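A.B. asks: what follows is a predicted structure for the sequence shown.
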Amino acid sequence: MDIVNFTPIPALIGGALIGLASALLLLLTGRIAGVSGILGGLLPPASGDTTWRLAFIAGLMLAGLGFVYLGDVSAIAIEADTPLLIAAGLLVGIGTRVGSGCTSGHGICGVGRLSPRGIVATCIFVGVAMVTVFVTRHIIGS
């Protein structure tokens, strides 16, 4: 086990902020903080429903940029080539449509609301992720 990468305090703070933001969005707007649903709601845009969706997506992008400029990104290494990353992104997009939501919608908001559909979906995508990591690391790759 690599102790250097074990960072429970930043993970706890980040998780609390995600939970707080999701709860505030639900309390203030009645909307679920599912990224795929928020982004999908912009295509095509609904009248009067665009501003908060754009603000949410902009906040996600700005947070990522903030991390690049303020955080330590030297330890992050992407070991996949561009075509594989594009294919993975497309598969995730298809999965969010088939599963009627994404990890944020089902995993954070659905589980937090004790939604049976969210709990089942989260168990399925966590299980599939575990199998995928096992197969790619121990059967296919190094």
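C.D. replies: Looks like it arrived, so ask away. Note that the coordinates shown come from a computational prediction; the quantities given were computed from them, not determined experimentally.

A.B. asks: in space, what's closest to R117 - neighbours in sequence excluded?
C.D. replies: Sequence neighbours aside, G110 is the residue nearest to R117 in space, at 6.5 Å (criterion: Cβ to Cβ, 6 or more residues apart in numbering). Where you see a C-beta, it was placed from the backbone N, CA and C, and this is true even at glycine.

A.B. asks: that neighbour falls within a strand, correct?
C.D. replies: No - with the criterion set as DSSP: H, G, I helix; E, B strand; the rest coil, the secondary structure at G110 is helix rather than a strand.

A.B. asks: my guess is G107 meets T122, correct?
C.D. replies: Yes - G107 lies in contact with T122 (Cβ atoms under 8 Å); the separation is 4.5 Å.

A.B. asks: G118 and S36, how far apart?
C.D. replies: Note on G118: its distance to S36, by Cβ to Cβ, to the nearest Å, is 13 Å.

A.B. asks: where does the chain dip in pLDDT?
C.D. replies: Scanning the chain for pLDDT under 70 picks out the ranges 1-4, 142.

A.B. asks: could you rerun that using 80?
C.D. replies: Low-confidence regions of the chain, defined by pLDDT under 80, span residues 1-6, 45-47, 71-77, 141-142.
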